[in-house]
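**Student:** need coordinates for the below:
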Amino acid sequence: MAISSKVLEPHGGRAEDTAMARTSYALMTQPPASAPASSLLGPTEPAECSVFHRSWQHEAQLDLSMGFALGEVFNARDQGNGTILIDVRSAPRDTLVKADFDYSQELMVRCATLGQMPSAAGGPQKFTIQLRPGPDIGEKAYVTKQFFNGNVTGVGLRVLAGTVSLDMGSNTGMAISEEEARSLMSQIAQEFIDAARNQ
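**Tutor:** So this is what the prediction gives:
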């Protein structure tokens, strides 16, 4: 998706080799793409909240029916080594909704704090995720804040806009603050959506 480079380059970012990203992701010790999300992300508590997940953790990279682009913004806002990871997907709207946006506002309220326990070499790890309404971008948007062992480890933004969706995430505790990361992710998301509409 050439649109990725057009949006990312002004921010000092770049689009990655999509084919290589798909290959690398498939080689990870993960369930096949046909497996349910819970097998990839670990059990979710409460179970009804499984549509929500940590930033950048899903099976889109393995779904060849979706257009997929991967990007990174390094040294975000010239503040050092803060990094934002981005993936952009293009598919029929119903496909994107089923993948990440099949929820009501009532469910989001009930899932304001949830837990996920992905498997790891040393045993399951529990992440706590807080959900917040996202900025006024696209059709649906929500923000995630991720904790591990009580410490904030990342923030994310997920946006649906017609046949395009974005999943963005940044580790915190780096040179870019949580507030800066959210602001920059919102700006980039809006630019992606505007560029897609103007193609």
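**Student:** could you list the low-pLDDT ranges of the chain?
**Tutor:** Across the chain, the ranges flagged by pLDDT under 70 are 1-3, 17-42, 54-62, 75-82, 119-124, 172-175.
**Student:** can you tell me which strand in it is longest?
**Tutor:** Longest among the strand segments of the chain by residue count, using DSSP state E, is strand 151-161.
**Student:** so what does that strand touch, helix or strand wise?
**Tutor:** Strand 151-161 sits against strand 140-148, strand 164-171, helix 178-197, with contacts defined as 3 or more C-beta pairs under 8 Å, 6 or more residues apart in numbering; DSSP states H and E. No exception for glycine: its C-beta is placed from N, CA and C like everyone else's.
**Student:** any idea where the strands of the protein begin and end?
**Tutor:** For the chain, strands defined by DSSP E occupy the ranges 13-15, 44-45, 67-73, 84-90, 113-116, 127-133, 140-148, 151-161, 164-171.
**Student:** pull stretch 129-141 out as PDB, backbone CA atoms only.
**Tutor:** The C-alpha trace of stretch 129-141 is given here as PDB (Å, rounded to 0.1, in the frame of the first residue of the first chain):
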ATOM      1  CA  ILE A 129      -6.000  -3.500  29.400                       C
ATOM      2  CA  GLN A 130      -8.000  -0.400  30.000                       C
ATOM      3  CA  LEU A 131     -10.300   0.800  27.200                       C
ATOM      4  CA  ARG A 132     -11.200   4.400  26.600                       C
ATOM      5  CA  PRO A 133     -13.300   6.100  23.800                       C
ATOM      6  CA  GLY A 134     -11.000   7.200  21.000                       C
ATOM      7  CA  PRO A 135     -10.800  10.500  19.200                       C
ATOM      8  CA  ASP A 136     -13.400  11.600  16.800                       C
ATOM      9  CA  ILE A 137     -11.800   9.800  13.800                       C
ATOM     10  CA  GLY A 138     -13.500   7.500  11.300                       C
ATOM     11  CA  GLU A 139     -16.600   5.400  12.300                       C
ATOM     12  CA  LYS A 140     -15.200   3.700  15.400                       C
ATOM     13  CA  ALA A 141     -12.200   4.400  17.500                       C
END
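**Student:** for that stretch, give me every contacting residue.
**Tutor:** Residues from elsewhere that reach stretch 129-141, judged by C-beta atoms under 8 Å, 6 or more residues apart in numbering: 52-54, 101, 108, 111-116, 142-147, 157-162, 186, 189-190, 193.
**Student:** change it to 7 Å
**Tutor:** For stretch 129-141, the surrounding residues in contact (C-beta atoms under 7 Å, 6 or more residues apart in numbering) are 52, 54, 101, 108, 111-114, 116, 142-146, 157-161, 186, 189-190, 193.
**Student:** now, of these, which are buried?
**Tutor:** 52, 54, 101, 108, 111, 114, 116, 142-146, 157-161, 186, 189-190, 193 (16 or more other C-beta atoms under 10 Å).
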